[in-house]
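# Just to be clear, the model below is a prediction. Sequence and coordinates:
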Amino acid sequence: MSNEFVFGWHAVESVLRREPERLQQVWIQTGRQDKRVRAITGELESLGVAWEVVHRRELDKRVSGVHQGIVAALSESREWGEDDLYAMLNGSRRPPFLLVLDGVTDPHNLGACLRTADAAGVQAVIVPRDKSASLTPTVRKVACGAAEAVPLIRVTNLARCLRELQGLGLWVVGAAGEAEDTVYQADLTGPLALVMGAEGKGMRRLTREHCDRLVRLPMQGTVGSLNVSVATGVCLYEAMRQRLA
C-alpha cells in the first residue's frame with residue numbers, strides 16, 4: 001500500500017497540515033474519543049482519507065516505537081537533492097541559514113536536530129547520502145513535525161557541496177572540540193552553513209578542511225563533549241540570537 005509510515009500525533013498532524021495529499025490511510029488505537037481524535041478524524045473525512053479504529057497490537061505490528069495510538073500510511077515522498085537546494089537558495093529573500101550534519105547515523109539524533117533546526121529558522125538540513133541516518137518513521141516521530149517543514153537534502157559528495165555553497169557566498173563554520181575560538185566569538189550573522197560532526201568522531205577530515213572557520217563549545221565540567229543534538233541546539237540558538245539581534 002505504501003512505502004512510508006509515520007506515527008505519533010505531532011508527526012501525523014504535521015503531514016495532515018503540510019502534505020495531506022500523501023495520506024493514504026490512518027489507524028487510531030481503540031479507546032480514544034477525545035477532542036484531538038474528533039478533530040483529526042473530521043479532517044480526514046473531509047479529505048476522503050480512510051481511517052480505522054484498531055487494537056493496539058495492530059499498530060505495534062506496523063511500526064516499532066512509541067506510536068502514541070496513531071499510525072498513518074503515506075505515499076512515497078520526493079527526495080530532496082542538490083538542485084533543489086540551490087534553487088531554494090537562489091529564491092530566498094533572506095540570508096541562507098543551513099545546517100550540515102556529517103555522519104549522524106542515529107535516527108533519534110537526526111530527528112532531534114531537525115526539530116531544533118525548524119525552531120531556529122534553518123532553511124534546510126544537509127546530510128551525506130552515505131553514513132547518515134535517513135528519514136525513517138522514527139526520525140519523523142522524534143522531529144515532531146519538523147521533518148515535514150525542513151527539507152532534508154541528501155548529497156552524494158559533501159565536500160563538493162560545501163565548495164558550491166562557498167561559491168554562493170556562504171560562510172562554512174564547523175564545530176570541533178580542538179578549535180581555538182568558541183561559538184560565542186564567531187560572527188554567525190551572514191549567509192551561513194553550520195557543520196556538526198558525528199558524536200565521538202566529529203567531522204571527517206575532508207569536511208573539516210572545507211570549513212572556513214572552526215569553533216568549539218566551552219566545557220566547564222568533567223565531560224569532554226555533548227550529544228550531537230544538544231551541541232547542535234546550542235550552536236543554532238547562538239546563531240539565531242546573533243541573527244535576530
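Done, it's in.

# Can you list the low-confidence ranges for this structure?
Within the chain, the segments meeting pLDDT under 70 span 1-3, 78.

# longest helix of it?
Longest helix in the chain, counting residues (DSSP state H): helix 228-244.

# Other residues contacting that helix?
Applying C-beta atoms under 8 Å, 6 or more residues apart in numbering, the external contacts of helix 228-244 come out as 95, 97, 99, 101, 104, 108-109, 112-113, 116-117, 120-122, 175, 183-184, 187-189, 192, 194, 196-199, 215, 217, 225-226. (C-beta placed from N, C-alpha, C; glycine too.)

# Buried ones among those residues?
Neighbour-count burial (16 or more other C-beta atoms under 10 Å) is assigned, among the contacts of helix 228-244, to 97, 99, 101, 104, 108-109, 112-113, 116-117, 120, 122, 175, 183, 188, 192, 194, 196-199, 215, 217, 226.

# From the residues you listed, which land in helices?
Among those, the members falling in helices (DSSP H) are 108-109, 112-113, 116-117, 120.

# and the most centrally placed residue in the chain, what is it in contact with?
Nearest residue to the geometric centre of the chain (C-alpha atoms, centre = their mean): residue 114, 2.3 Å. Taking C-beta under 8 Å, 6+ apart as the contact definition, residue 114 lies against 125, 139, 142-143, 146-147, 150, 152.

# and it, how far is that from residue 99?
9 Å (C-beta to C-beta, to the nearest Å).

# Overlap of the contact sets of the two?
Joint contacts of residue 114 and residue 99 (C-beta under 8 Å, 6+ apart) are residue 125.

# Show the backbone phi and psi for the closest residue in space to residue 225 that isn't next to it in sequence.
Nearest residue to residue 225 in three dimensions, chain neighbours excluded: residue 177, at 6.2 Å (C-beta to C-beta, 6 or more residues apart in numbering). The phi/psi pair for residue 177 (degrees, to the nearest 10) reads phi -60, psi -30.

# tell me the contacts of residue 177?
Listed by C-beta under 8 Å, 6+ apart, the contact set of residue 177 reads 202, 216, 224-225.

# and the gap between the residue located most distally from the centre of the chain and residue 56?
In the chain, the residue that sits farthest from the middle, by C-alpha atoms, centre = their mean, is residue 31; the gap is 32.2 Å. Remark: distance between residue 31 and residue 56 (C-beta to C-beta) = 9 Å.
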